[in-house]
Structure formats: structure tokens, C-alpha cells
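1. Using only what follows, build the 3D model:
(2 chains)
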Number of protein chains: 2
Amino acid sequence: MLADDPLGARREGDPGDPRYLAAFERIDADPYDELIVAERDGKVIGTMQLSYLAGLSRLGAERCQIEAVRVAASARGQGLGRRMIRWGIDRARARGCVMVQLTSDKSRADAHRFYDSLGFTASHEGYKLALS
Amino acid sequence: MLADDPLGARREGDPGDPRYLAAFERIDADPYDELIVAERDGKVIGTMQLSYLAGLSRLGAERCQIEAVRVAASARGQGLGRRMIRWGIDRARARGCVMVQLTSDKSRADAHRFYDSLGFTASHEGYKLALS
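-> Next up is the predicted model:
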């Protein structure tokens, strides 16, 4: 699912690469990090990662960062992404997070309409620096 | 330092609030989260937080997220912020992170020039949703 995407196609590798499993195991062991899957008929049709970030600002508030939202090609256009993000927001609220945050590549115009419609505000610039 | 800022002044509380200490203790105990301070003559003049985020994408690559960069009013205009960010980038590279990322409020025009000059690209929209 990560590779079935205009941006992801350029940067993913063999699903059997042991680095994927090592990253999965780290996330699985971390109480502040969750990988979520949506299933239908026993098949994974959506994924996202929720990370609960600590910080000193805002009275030491916890924030929920959403990453790697993906919906299988076969399940797109059916509102699944919206249900997943709403589920994530509810989960963050139930934990007491003060904020949900995410970044989205500026080329993903559809994603921006989607997040706008869910109540998010594009209040920040998202800066990246690739390390070689 | 968090409160001595146009945005921070509106959202911080009593430095003795136990929620600050609880957040500090969580970060201190987390091997993937670091609070950095810059000191001069025994006084803290700068802070930042480096969080090492796991993810499945890009072959399970680790990313370094920089948050809460602050320089004391008495130490501004002397290049300290630039030294701190460069130090963070070097530290992320030494760990093997593939990327350094951060978000910056769109109202902070000076900060944007600063991050641009350090080689960052504002490639993403940074979305936030406050939870009440």
C-alpha cells in the first residue's frame, strides 16, 4: 500500500526487506506509537500510524501525530479514509491529547481538500531536510 | 523561554505546574526523545527537542523531528539558533536518520527565512486540529 502511490512508488523496496520488520517491531514495542489497520473480509484495506508526542509546551500537553495514511486502491472512494481519520481523532481526544497534527506533501491537492473538510487548519509550513 | 514568544505567551502556565515536570520525566525516560539545552556561563540560553520517529515507509527509515526551538531573548541575534539546528542535523545524520523535519507556524516569517537558509524545503502543508 505504501508503494501504490505516486510518491511512495519512488521510495519503497521489497516488502520482505528486514528493515521493514525491524521498524514494525520498534513501533509495536513503543507505548506511544500505534499502527492501525482497517480490515474488510480479512484483508487489510487501510493503514495509518498514530504517534503520541510529548512536549513541554502548552503545559506539557501530548499531541497525536498522524502519519502514513493509506487506503488500498480497491477500497478508495468509499469514505474509508474519512472514517479512519475520525477514528484517530476520537482516539487522541480520549487519551487527552490537545491536538492532532500531520503534514501532507504540497502536491497532494486532493488530500488537502480532505483534511480541510475534516476540520484541520493548514496553519504551519512543513519543512523537510533529506539527509544523504 | 516557551512563554517569552508572541505565540507561546498565550498558551503557557506557571513553570511550577506539575504537568511540566511530568512531561519532562516522560521525555527524559524515552530513548527516542531528547531535550537539548544550550548553556552559557551556567545559564540555559537555548532549548530544542529532538524526537526520533519510527515509520514503515522508506524502508522503515527513522526521521528526526525538531520541536520547541527557543533562544533566550538575551542571546538572540548571535547565531545560536543556527548552531543548534546544525548540531541537531549532525546528530540525526550520525544516528542514520534519513530526514530532519519540523513545522513552523505560517506567521513566523523570520523563522521561515531561517529554515530556508539552513537547506530545509517547505514541501509540506502542516495541518493542526485543536481538541477541546
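2. Tell me where chain A has helices.
-> With DSSP state H as the definition, chain A shows helices at residue ranges A:18-29, A:57-60, A:80-95, A:109-117.
3. highest average neighbour count across those helices?
-> Using mean count of other C-beta atoms under 10 Å in any protein chain shown, the stretch among the helices of chain A with the largest mean neighbour count is helix A:57-60, at a mean of 20. All C-beta spots, glycine's among them, are computed from the backbone N, C-alpha and C.
4. from the chain's centre, how far out does the lowest-mean-pLDDT helix or strand in chain A sit?
-> Among the secondary structure pieces of chain A, namely its helices and strands, helix A:57-60 has the lowest mean (mean pLDDT, DSSP states H and E), a mean of 91. Here the centre of mass of C-alpha atoms in helix A:57-60, compared against the chain's by C-alpha atoms, centre = their mean, to the nearest Å, lies 23 Å away.
5. and that helix, what does it pack onto?
-> Under the contact criterion of 3 or more C-beta pairs under 8 Å, 6 or more residues apart in numbering or on different chains; DSSP states H and E, the helices and strands touching helix A:57-60 comprise helix B:18-29.
6. Tell me which residues touch the residue of chain A most remote from its centre, please.
-> Of all residues in chain A, the one whose C-alpha sits farthest from the chain's mean C-alpha position, using C-alpha atoms, centre = their mean, is A:Leu59 at 25.1 Å. Contacts for A:Leu59 (C-beta atoms under 8 Å, 6 or more residues apart in numbering or on different chains) come out as B:Arg11, B:Glu12, B:Gly13, B:Asp17, B:Arg19, B:Tyr20.
7. give me that answer again for 10 Å
-> With C-beta atoms under 10 Å, 6 or more residues apart in numbering or on different chains as the criterion, the residues that contact A:Leu59 are A:Val98, B:Leu2, B:Arg11, B:Glu12, B:Gly13, B:Asp14, B:Asp17, B:Pro18, B:Arg19, B:Tyr20, B:Ala22, B:Ala23.
8. which of these lies closest to B:Ala68?
-> Within these, the smallest distance to B:Ala68 is 7.1 Å, found for B:Leu2 (C-beta to C-beta).
9. A:Asp4: how many residues sit nearby?
-> Counted with other C-beta atoms under 10 Å in any protein chain shown, the neighbours of A:Asp4 add up to 12.
10. Identify the spatial nearest neighbour of it, chain neighbours not counted.
-> On the basis of C-beta to C-beta, 6 or more residues apart in numbering or on different chains, the spatially nearest residue to A:Asp4 that is not a chain neighbour turns out to be A:Ala73, at 5.8 Å.
11. Was I right to think the one you found contacts A:Ala3?
-> No: contact status for A:Ala73 versus A:Ala3: not in contact, 11.3 Å apart, counting by C-beta atoms under 10 Å.
12. neighbour-wise, which of those two wins?
-> A:Ala3 (15 against 11).
13. returning to that earlier point: per-residue confidence at the residue nearest to A:Asp4?
-> pLDDT, the model's per-residue confidence, is 95 for A:Ala73.
14. and the most centrally placed residue in chain A, what does it touch?
-> Against the mean C-alpha coordinate of chain A, by C-alpha atoms, centre = their mean, the closest residue is A:Glu67 at 2.4 Å. For A:Glu67, the set of contacting residues under the criterion of C-beta under 10 Å, 6+ apart consists of A:33, A:35, A:48-51, A:102-103, B:53-57, B:63.
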